[in-house]
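Engineer: Task: produce atomic coordinates for the following.
(one chain, ligands or ions: 1)
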Amino acid sequence: MQVYPHVEIDGQKRLVIGGIEASKLARKFGTPLYVYSEDAIVDRMREYVLTMRDLYPFGHVAYASKAYLTLRMAQLVAEEGLWLDVVSGGELFIAMKGGFPPERIIFHGNNKTFEELEMAVAAGVGRIVIDSLDEIKRIERVAAQKKRRQDVLLRLTPGIDAHTHKALATGEIDSKFGIPMHQNQHVQAALMVLQAPHLNFLGVHCHIGSQIFETAPFAMAVKTMLNFIFEFQKRTGILISELDLGGGLGVPYTEEEPELGVKPYLEVITSTLLSESERFGLPPLRLFVEPGRSIVAQAGVTLYRVGTVKELPNGTVVAAVDGGMADNPRPMLYGAKYRAILVTGGRDRSPRPVRIVGRNCEEGDTLIEEAWLPPLRPGDILAVLVTGAYQYSMSSNYNALPRPAVVHVRDGQALLVVEREKYADLILRQRLVTPVKSMNSTNAKSASF
Ligand SMILES: Cc1ncc(COP(=O)(O)O)c(C=O)c1O
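Structural biologist: Sure, this is the predicted structure:
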């Protein structure tokens, strides 16, 4: 039975990822373990690219690397011909080390440092997305210094409620991101960019939020942006030729959540774009979308080993696994819900409710409030599903827990993509320092400077 593409339960109720039994992966690489079906990632990238090509030949797909980025992921995205969205010097560094062509990189961020801008311009990134009025001057300065003319987009906040979690909504006027489409601030910004000699103003960007399951907010975003492009052309005679709509397609994490799907998502965007362009008499714009979560979320599974099982005085059964909020902070950050499957044993036990908790020192470190699973025993391997997006990339070393390894499965082969951290990695950048004890003030001065 297929649970998600390339994630299956076989006839003996064993979880199989990309043709390999999950329990074998846990045995070979240890737990906790992030496992990805590379075939599922590649299939989803192809679905995006081919659907876009069919619906709108002037469209491009950029993978939002914040969802999950490793050297191998950068390599895969490059091979599949997508663009790549990065938001920091670190993501840019990983992308380039993975061999990603800089001319297909879109550099984002609401507070890029001067050094990051220098790095991006020097690397020759395809687009820098300007997020504030301050940044216009900053990027102009860097581009002038480097004697480059940098292609830029302007990120605008269109004032759209995307009906998603508060922490995931970024299209509202008071968002920390972008320049509000409010009291002409966006018009002023566009005019400033046009006057900057080292900036090449190509287009506008908006990202209304993440985990969106309705089509209406996307259609509204296209209409709002096209209306601005039309008004701007009327006023200045200048045609804005690119529109980047960010990401945001929602992904179901549990069986109860709905699914919108790549095709209906792209259909609503491209059909609205075509009809609005025609209405305003605009030529077809170059379109970008930047999906992150919907490319990698369902391709990922996290494997844990159950350690302790307790029955609380109120009757709740609690099973603690060998990971938790350090490798998956989403339940604590957003109240995210997940589904778990027992990958070893338990075929003869009938399901009961159990709270799956982590091993971090926080009472709130619960991965799943109520999972229905066969009674768990120490040593059982649990798979938490749909953990491919914003887990590895958000992981931490809280409680000095070494980060798990990452394994990709492709064509029935397991590839170790990131090694499990060792205790020695935890202190790699630390120094054992001892203040110099001195008898006179001269020494004390030299010791402290
Ligand atoms: C500018 C931008 N583009 C794309 C994305 C990816 O969104 P998602 O993972 O929901 O597709 C984000 C997410 O925060 C974003 O901020």
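Engineer: got the end-to-end distance for stretch 322-336?
Structural biologist: 19 Å (CA to CA, to the nearest Å).
Engineer: and that stretch with the ligand, contact?
Structural biologist: No - residues of stretch 322-336 are not located near the ligand by CB under 6 Å from any ligand atom, the shortest gap being 12.1 Å. Every C-beta, even on glycine, is put in place using the N, C-alpha and C of the backbone.
Engineer: Report the rounded mean pLDDT for that stretch.
Structural biologist: Per-residue pLDDT values across stretch 322-336 average out to 96.
Engineer: who in the chain is up against the ligand?
Structural biologist: By CB under 6 Å from any ligand atom, the residues of the chain that approach the ligand are 64, 66-67, 85, 108, 207, 210, 246-249, 290-294.
Engineer: what's the closest of these to residue 53?
Structural biologist: Distance to residue 53 across the residues of the chain next to the ligand (CB to CB) is lowest for residue 291, with 15.2 Å.
Engineer: one step back: can you tell me which of the residues of the chain next to the ligand end up in helices?
Structural biologist: Mapping the residues of the chain next to the ligand onto helices (DSSP state H) picks out 293, 294.
Engineer: Isn't residue 87 up against residue 106?
Structural biologist: No - the pair residue 87 / residue 106 is not scored as a contact, 9.6 Å apart, by CB atoms under 8 Å.
Engineer: so after the lengthiest helix in the chain, what's the next helix or strand?
Structural biologist: Longest helix in the chain, counting residues (DSSP H): helix 216-236. The helix or strand immediately downstream of helix 216-236 is strand 242-244, counting by DSSP states H and E.
Engineer: Run me through the strand neighbours of that following strand, direction for each.
Structural biologist: Here strand 242-244 is paired, per DSSP bridges, with strand 199-205 (parallel), strand 286-289 (parallel).
Engineer: contacts for that strand?
Structural biologist: Where contact means CB atoms under 8 Å, 6 or more residues apart in numbering, the residues beyond strand 242-244 that reach it are 62, 106, 127, 129, 153, 202-206, 222, 225-226, 229, 273, 285-290.
Engineer: so how far is it from its chain's centroid?
Structural biologist: Strand 242-244 sits 20 Å away from the centroid of its parent chain (CA atoms, centre = their mean, to the nearest Å).
Engineer: Give me the angle between whatever helix or strand comes next after it and helix 216-236.
Structural biologist: Sequence order places helix 262-280 as the next helix or strand after strand 242-244, per DSSP H and E. On the basis of axes from the mean of the first three to the mean of the last three CA atoms, to 10 degrees, helix 262-280 is oriented at 30 degrees to helix 216-236.
Engineer: Pop the domain breakdown of the protein in here.
Structural biologist: The chain breaks down by automatic domain parsing into domains covering 2-36+297-426, 108-291.
Engineer: Pull out the buried residues from the lengthiest strand in the chain.
Structural biologist: The longest strand of the chain (DSSP state E) is strand 300-311. Across strand 300-311, burial judged by 16 or more other CB atoms under 10 Å covers 300, 301, 302, 303, 304, 305, 306.
Engineer: Roughly how far does the first one sit from residue 44?
Structural biologist: Computed with CB to CB, to the nearest Å, the distance linking residue 300 and residue 44 is 12 Å.
Engineer: low pLDDT regions in this protein?
Structural biologist: 162-172, 345-348, 440-449 (pLDDT under 70).
Engineer: where exactly do the helices run in it?
Structural biologist: Under DSSP H, the chain gives helices at 22-29, 38-55, 71-79, 89-97, 114-123, 133-145, 185-195, 216-236, 262-280, 293-296, 330-334, 423-426, 441-448.
Engineer: Name the surrounding residues that touch the third one.
Structural biologist: By CB under 8 Å, 6+ apart, the residues outside helix 71-79 that reach it are 38, 41-42, 45, 63, 65, 84, 94-95, 97-101, 104, 296, 408, 415, 417.
Engineer: hang on, the earlier thing: the longest strand of the chain: how far from the chain's middle?
Structural biologist: 25 Å.
Engineer: Next, the angle helix 22-29 makes with it.
Structural biologist: Between strand 300-311 and helix 22-29, the angle comes out at 90 degrees (the same axes, to 10 degrees).
Engineer: Direction included, what does strand 300-311 pair against?
Structural biologist: Looking at strand 300-311 with DSSP bridges, its partner strands are strand 33-37 (antiparallel), strand 317-321 (antiparallel), strand 381-385 (antiparallel).
Engineer: mind listing what the residue lying closest to residue 104 once chain neighbours are set aside touches?
Structural biologist: Excluding the flanking residues, the one nearest residue 104 by CB to CB, 6 or more residues apart in numbering is residue 83, at 4.4 Å. Residue 83 is in contact with 60, 61, 62, 63, 104, 105, 106, 126, 288, counting by CB under 8 Å, 6+ apart.
Engineer: Please report the distance of the closest residue to the second one other than its chain neighbours from residue 296.
Structural biologist: Translated: residue 61. Spatial nearest neighbour of residue 61, excluding adjacent residues (CB to CB, 6+ apart): residue 48 at 4.5 Å. Relative to residue 296, residue 48 is positioned 12 Å away (CB to CB).
Engineer: Touching, residue 272 and residue 227? I think so.
Structural biologist: No - the criterion here is CB under 8 Å, and residue 272 misses it with residue 227 at 11.6 Å.
Engineer: ok, the two, which is more surrounded?
Structural biologist: Legend: neighbour count by other CB atoms under 10 Å for residue 272 and residue 227, higher for residue 272 (18 against 15).
Engineer: Burial check on residue 54, number of neighbours?
Structural biologist: With other CB under 10 Å as criterion, residue 54 counts 13.
Engineer: Please report how far it lies from the ligand.
Structural biologist: With distances taken as CB to the nearest ligand atom, to the nearest Å, residue 54 is found 20 Å from the ligand.
Engineer: how much space between that residue and residue 243?
Structural biologist: Distance, residue 54 to residue 243, using CB to CB: 19 Å.
Engineer: The nearest residue to residue 223 once chain neighbours are set aside: neighbouring residues, count only.
Structural biologist: Spatial nearest neighbour of residue 223, excluding adjacent residues (CB to CB, 6+ apart): residue 276 at 5.8 Å. Residue 276 has 20 neighbours, counted by other CB under 10 Å.
Engineer: Cool, thanks, signing off.
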